[in-house]
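**Student:** attaching a predicted model along with its sequence, questions to come.
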Amino acid sequence: NAGVMQNPRHLVRRRGQEARLRCSPMKGHSHVYWYRQLPEEGLKFMVYLQKENIIDESGMPKERFSAEFPKEGPSILRIQQVVRGDSAAYFCASSPIGTGDSPLHFGNGTRLTVT
Amino acid sequence: DQQVKQNSPSLSVQEGRISILNCDYTNSMFDYFLWYKKYPAEGPTFLISISSIKDKNEDGRFTVFLNKSAKHLSLHIVPSQPGDSAVYFCAASARVNYGGSQGNLIFGKGTKLSVKP
């Protein structure tokens, strides 16, 4: 998993607070993907971004969740007014541009706990 | 509605024997399939992939087989080693929806493999 950097590794928030999760893709990768894993579940797609552009946000909850990948800096997944059900592991992945046969490379995740 | 299914939550195998992990899918638009391995508290690590134009891909001890008519793929690990003990996820993508790039990967729920010495 070297290369895709996520921070923080662990994040504890009280209900109603905001959570910000950061992801720096591998060098040379301009596509970023966010996934969420609930206990005993597989990874669920949330959003797919390129620099300054959201390509597919079909997996994002309609409210409280947003994502960005600015021209400079990491991609940010933002969860406003967190609830207990948001507690999960959030994984970021990256890939190079336009390489259909290149697998996604994942970071080690941010484990969000909402108390 | 699960588009990618791994029906065995766990599998136990003796060291040196073959491990066979299975995966079924329902979406005929999927054209790229991958296996990832995951240790606790780490992110998934890519193992091996196969395009829908092939029926087999091999990389060292790992071989993936694809049966498109049955919408089934399997991962064979031979010989199995204790270090292979992890959760294995099957994933699929319909690259045509993203102009050829990988886009949205759909994951199964995983199979926990235990390789006993």
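**Tutor:** Arrived safely, thanks for sending.
**Student:** can we go C-alpha only for contacts and neighbour counts from here?
**Tutor:** Fine.
**Student:** any idea how far residue B:8 is from chain A?
**Tutor:** 13 Å (Cα to the nearest Cα, to the nearest Å).
**Student:** nearest residue to that residue other than its sequence neighbours?
**Tutor:** Closest residue to residue B:8 apart from its sequence neighbours, by Cα to Cα, 6 or more residues apart in numbering or on different chains: residue B:111 at 5.9 Å.
**Student:** kindly state the beta-bridge partners for the one you found.
**Tutor:** residue B:88 (DSSP bridges).
**Student:** go ahead and confirm it touches residue B:10.
**Tutor:** Yes. Applying Cα atoms under 8 Å as the test, residue B:111 and residue B:10 come out as touching, 5.0 Å apart.
**Student:** neighbour count winner among those two?
**Tutor:** residue B:111 (22 against 15; other Cα atoms under 10 Å in any protein chain shown).
**Student:** show me what the helix or strand of chain B with the lowest mean pLDDT is packed up against.
**Tutor:** Across the helices and strands of chain B, mean confidence by mean pLDDT, DSSP states H and E is lowest for strand B:106-107: a mean of 92. Contacts defined by 3 or more Cα pairs under 8 Å, 6 or more residues apart in numbering or on different chains; DSSP states H and E place strand B:106-107 against strand A:43-50, strand B:86-93.
**Student:** got the contact list for the spatially most central residue of chain A?
**Tutor:** Residue closest to the average C-alpha location in chain A (Cα atoms, centre = their mean): residue A:34, at 3.4 Å. By Cα atoms under 8 Å, 6 or more residues apart in numbering or on different chains, the contact set of residue A:34 is A:45, A:46, A:47, A:48, A:77, A:90, A:91, A:92, A:93.
**Student:** many thanks, have a good one.
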